[in-house]
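Novice: 3D, please:
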Amino acid sequence: MAYYADGTPAKIGDLVVNKASWNKQETVLIVIGIQASSETCNANGIVLAQKSDGFPAWFPMGPQGAWTVTLKECMRLDAPEFPAPAATS
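Specialist: Residues are numbered from 1 along each chain as shown. Below you'll find the model as predicted:
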């Protein structure tokens, strides 16, 4: 079984935020595949939005195919540790 950063088991269909350490961006995605036998690059997801470090707004992303992410760098959007993004006008 694969787990998120907070220890929660990962499931297909989860809406998560990936906070990858290598690119200083946060990405919102839907998990569409999990490879439980791997520690890194162990999930695929469809990207919905992205926010770069230092920018206050989330930018919607168009169709890009599936991205590969490491689940230990992800949090479910409904996790208490994740503050909901503020609405921008």
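
Novice: residue ranges of the strands in the protein, please?
Specialist: Using DSSP state E, the strands of the chain run over 15-20, 25-34, 43-52, 59-60, 66-69, 74-76.

Novice: can I get the ones you listed in CSV with mean neighbour count and distance to residue 9?
Specialist: Backbone N, C-alpha and C define where each C-beta goes, glycine included. CSV is the format used below for these (neighbours: other Cβ atoms under 10 Å; distance: least, Cβ to Cβ, whole Å):
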stretch, mean neighbour count, distance to residue 9
strand 15-20, 19, 12
strand 25-34, 18, 10
strand 43-52, 18, 12
strand 59-60, 9, 28
strand 66-69, 16, 16
strand 74-76, 22, 10
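
Novice: of those, which approaches residue 7 most closely?
Specialist: With Cβ to Cβ, the closest approach to residue 7 among those belongs to strand 74-76: 10.8 Å.

Novice: From the rest of the structure, what touches stretch 39-46?
Specialist: 2, 10, 16, 18, 29-36, 66-72, 74 (Cβ atoms under 8 Å, 6 or more residues apart in numbering).

Novice: could you redo the last one with a cut-off of 10 Å?
Specialist: Stretch 39-46 has contacts (Cβ atoms under 10 Å, 6 or more residues apart in numbering) with 2-4, 10, 12, 14-16, 18, 27-36, 61, 63-74.

Novice: How far off centre is it?
Specialist: Centroid separation for stretch 39-46 versus its chain: 9 Å, with Cα atoms, centre = their mean, to the nearest Å.

Novice: Show the average pLDDT along it.
Specialist: For stretch 39-46, mean pLDDT rounds to 92.

Novice: Tell me the strands beside the helix-or-strand element of the chain with minimal mean pLDDT, with direction?
Specialist: Least confident helix or strand, the chain: strand 59-60 with a mean of 86, by mean pLDDT, DSSP states H and E. When pairs are called by DSSP bridges, strand 59-60 turns out to pair with strand 43-52 (antiparallel).
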